[in-house]
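In: with the input below, show me the fold.
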Amino acid sequence: MNIKIKTLKKINICWCILLFLILFHSINNFFWIKKDCNSGGCDVCNHSYLTLILKRNLSQIFLNDRPIGENLRSAYRSLEIGAVGWPRLVHTIAAIVCFDSEDELFCIRYSNILYFSLLLISIFLIGKKIHSPSAGLIAATLISFYPVVFGISRKFGLDFPAMAMVSFVVFLLIDEKFYSRKFSILLGVSIGMCMLVKAQCVLFIGGPLLYVIVNTVRNNENRPCLKNLVMSMVIALFIALIWWHRLFSYEGIQEIKFHFFSDSISQYKNYSILEALSYYIASIYENMSPIFFGIFIAGMIFTITQIRRKENIILLLSFLPAYFVYSFLLSHTNVISARYLLPAYGSLAVMATVGMLNVSNRKNLQFPIRVLMTLLVILGICQFFEISYFRAGYPSQWFHSTKINNHKIVIEELNAKIQSFGLPKNRIAIIENPDFSGDPAKLLCLYFMAVDKKNDIQLSSDGNIPSIVRQKFLSDAGMVDFLVTTSKSPEWIDLSGLEVFPVVGQRELAAKAIKHFRSFKIVRQELLLPEEIYLILLSKY
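Out: Numbers count the residues shown, from 1 in each chain. As a prediction, this is how the structure comes out:
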């Protein structure tokens, strides 16, 4: 009885510390995002743009007197904007969370705290299940201080939610309570929602799921649970098809061709398989930081030596298939990014922690290992504050200190001038010149959208690098009310961004658009800092 009471007290203490850890990161992310003015990164602005558009559509759909069935059909159709490869679950959740927010861009980014909480709770439960509450708490603490984890939690995208959802599904598969119908329904819903976050999640949960199915079929005692397991798969399939039936549409087939069968050549085409494998190991080293990478390697080695344990097999299968698949794709397709392995980081943190704790138990090294773990946590906290607030110019796009600029203030000033014209709808075109393109231009677009719902924004190159002007932008030039461009001089209208086009036949269209925009009058100039270039607002009125 005393042992049970002590165990319950220990578990309660661990839960309290875990909740404190979640609160710590919630507060830090709140102030960090409030302070940061320029948080870009691959696809970050695109996902924010989709969420703003979706939020506007949902507002128009549900704030009317139409029947609810018609509103739901309209809401579903509104999800079809953007790429087929990006399911809309994360965007929809963010749009709902920020429905009444006055600071939409902050709220969209801060909505990641939901997934941060789910991630830490899932890691704690996995560690608690396969070792002890202390192991779960240590693993949750370690992963929360991986630079890539706390860094990408401050940027809006699909990779961080995917990491949280995959970790939760891995916990359910390790827990393995298929005798319970409620548990089986939860597993099916979780896998389905996981697929509605990002398709690549199948690489991280497919291996563990297949292992559990085979293990259930082979074990006569577990065969009665097979019916519940099949029910889980059916539920997951139906939920996933809510979005992924679009993969068989014309748009879906075109995206598959672009990513896997296009003529675009990988910059790593000359890599051997060993070089490709080492590429992703190097990315793990950078994303975890040297402080935590050593313990990951030690824990991984110990996990492999204990490969017969069911839990270790599930953890390894949530990492190795994706690792080998992405390493193979590295030199053959344009599907390349170190962040693609992020959903496996939860399993890696658990393997590192449990492996080290098991080493201490077997080799009678409990005290040194505990001291080492304590030092790692302390160093991780110090590194957390250094990267987040004190170290400027950190080379990673995913974790860095806050970046300060006056872009939002400038857009508010320009928007005030635009509103003075009193138009029912403001058609604004932004030219992406060579000195201001990509993410900075996308962020200007987002600020214009967030500051006034009447603003209809067009980017000349859609924020792509290299900046190649879109034909639609040129053909719609006559309908534009306001033009925004950058210039090194407040008196010079720089339209050089319109002179870069992919088709020779667009030359006449570009010349016509440039001639039309030259007739616009300058109505406001503001200096962008720290770039020290002018943002010029022109009007045709």
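
In: drop to CA atoms for contacts and neighbour counts, all remaining ones
Out: Fine.

In: so residue 329 is in which element?
Out: When elements are defined using DSSP states H and E, residue 329 is found to belong to helix 320-330.

In: buried ones in that helix?
Out: For helix 320-330, the neighbour count (16 or more other C-alpha atoms under 10 Å) marks 320-323, 326-330 as buried.

In: what two of the residues you listed are the furthest from one another?
Out: The span of the buried residues of helix 320-330, defined through C-alpha to C-alpha, is set by 320 and 330 at 15.2 Å.

In: figure out how far stretch 367-376 is from the centre of its chain.
Out: Centre-to-centre, stretch 367-376 and its host chain are 32 Å apart (C-alpha atoms, centre = their mean, to the nearest Å).

In: so what touches that stretch?
Out: Stretch 367-376 is contacted from outside by 291-292, 356-357, 360, using C-alpha atoms under 8 Å, 6 or more residues apart in numbering.

In: among the residues you listed, which lie within strands?
Out: When DSSP state E is applied, the contacts of stretch 367-376 are split such that none fall in strands.

In: nearest to residue 198, of those residues?
Out: Taking C-alpha to C-alpha as the measure, residue 198 sits nearest to residue 292 out of the contacts of stretch 367-376, at 26.9 Å.

In: how many neighbours does that closest one have?
Out: A count of nearby residues for residue 292, using other C-alpha atoms under 10 Å, gives 25.

In: just residue 508 next, same as before
Out: Under the criterion other C-alpha under 10 Å, the count of neighbours that residue 508 has is 11.

In: now do it against residue 516, distance only.
Out: Using C-alpha to C-alpha, to the nearest Å, one gets 12 Å for the distance from residue 508 to residue 516.

In: what about residue 12, neighbour count?
Out: The criterion is other C-alpha under 10 Å. On that basis, residue 12 has 13 neighbouring residues.

In: quick check: residue 197 touching residue 89?
Out: Yes - under the criterion of C-alpha atoms under 8 Å, residue 197 makes contact with residue 89 at 5.9 Å.

In: neighbour-wise, which of the two wins?
Out: For residue 197 against residue 89, the residue with the higher neighbour count under other C-alpha under 10 Å is residue 197, and the figures read 26 against 19.

In: and the gap between that one and residue 96?
Out: Using C-alpha to C-alpha, which is the criterion applied here, residue 197 is 16 Å from residue 96.

In: repeat that for residue 52.
Out: According to C-alpha to C-alpha, residue 52 stands 11 Å off from residue 96.

In: what do you get for residue 175?
Out: Counting by C-alpha to C-alpha, the gap from residue 175 to residue 96 is 31 Å.

In: list the contacts for residue 126?
Out: Contact criterion C-alpha under 8 Å, 6+ apart gives 136, 170-171, 174, 350 as the residues in contact with residue 126.

In: hmm, try it at 10 Å
Out: By C-alpha atoms under 10 Å, 6 or more residues apart in numbering, residue 126 lies in contact with 120, 132-133, 135-137, 139-140, 167-168, 170-175, 311, 315, 346-347, 350.

In: one more: residue 528?
Out: 405-411, 486, 534-535.

In: next, count neighbours for residue 378.
Out: Residue 378 has 12 nearby residues by other C-alpha under 10 Å.

In: which element is it on?
Out: Going by DSSP H and E, residue 378 is in helix 366-385.

In: one more: residue 429?
Out: Secondary-structure assignment from DSSP H and E places residue 429 in strand 426-430.

In: following that strand, which helix or strand comes up?
Out: Using DSSP H and E, the helix or strand that follows strand 426-430 in sequence is helix 439-451.

In: next up, phi/psi of residue 531, please.
Out: Phi and psi for residue 531, reported as degrees, to the nearest 10, are phi -70, psi -30.

In: and what of the one 4 residues further on?
Out: According to degrees, to the nearest 10, the main-chain angles of residue 535 amount to phi -100, psi 120.

In: quick one on the thing from earlier: tell me which residues of the helix holding residue 378 come out buried.
Out: Of the residues in helix 366-385, those buried (16+ other C-alpha under 10 Å) are 366, 369, 373, 376-377, 380-381, 383-384.

In: next: stretch 44-62.
Out: Within stretch 44-62, the residues that count as buried by 16+ other C-alpha under 10 Å are 44-59, 61-62.

In: for the record, mean pLDDT for it?
Out: Mean per-residue pLDDT for stretch 44-62: 80.

In: likewise stretch 240-257?
Out: Confidence over stretch 240-257, taken as the mean pLDDT, stands at 79.

In: how near is residue 469 to residue 428?
Out: Relative to residue 428, and taking C-alpha to C-alpha, residue 469 is found at 16 Å.

In: before we move on, what about residue 494?
Out: Applying C-alpha to C-alpha, the value for residue 494 to residue 428 is 16 Å.

In: so between these two, which is more surrounded?
Out: Set side by side, residue 494 and residue 428 give different neighbour counts by other C-alpha under 10 Å, the larger being at residue 428 (24 against 19).

In: which segments of this protein make up each domain?
Out: Structurally, the chain divides into domains by automatic domain parsing as follows: 2-390, 407-539.

In: which stretch among those domains comes nearest residue 400?
Out: Nearest of the domains of the chain to residue 400, taken as C-alpha to C-alpha: domain 2-390 at 5.5 Å.

In: tally of neighbours for residue 16?
Out: Should you count by other C-alpha under 10 Å, residue 16 turns out to have 12 residues around it.

In: nearest residue to the middle of this structure?
Out: By C-alpha atoms, centre = their mean, the chain has its centre lying nearest to residue 157, at 2.6 Å.

In: give the helix, strand or coil label for it.
Out: Under the three-state scheme (DSSP: H, G, I helix; E, B strand; the rest coil), the conformation of residue 157 reads as coil.

In: that one against residue 89, yeah?
Out: No - with contact taken as C-alpha atoms under 10 Å, residue 157 and residue 89 are classed as non-touching, separated by 11.3 Å.

In: list residues touching both of the two?
Out: Common neighbours of residue 157 and residue 89, counting by C-alpha under 10 Å, 6+ apart, are residue 197.

In: what sits in contact with each of residue 197 and residue 89?
Out: What both residue 197 and residue 89 touch, as defined by C-alpha under 10 Å, 6+ apart, is the set 158, 161.
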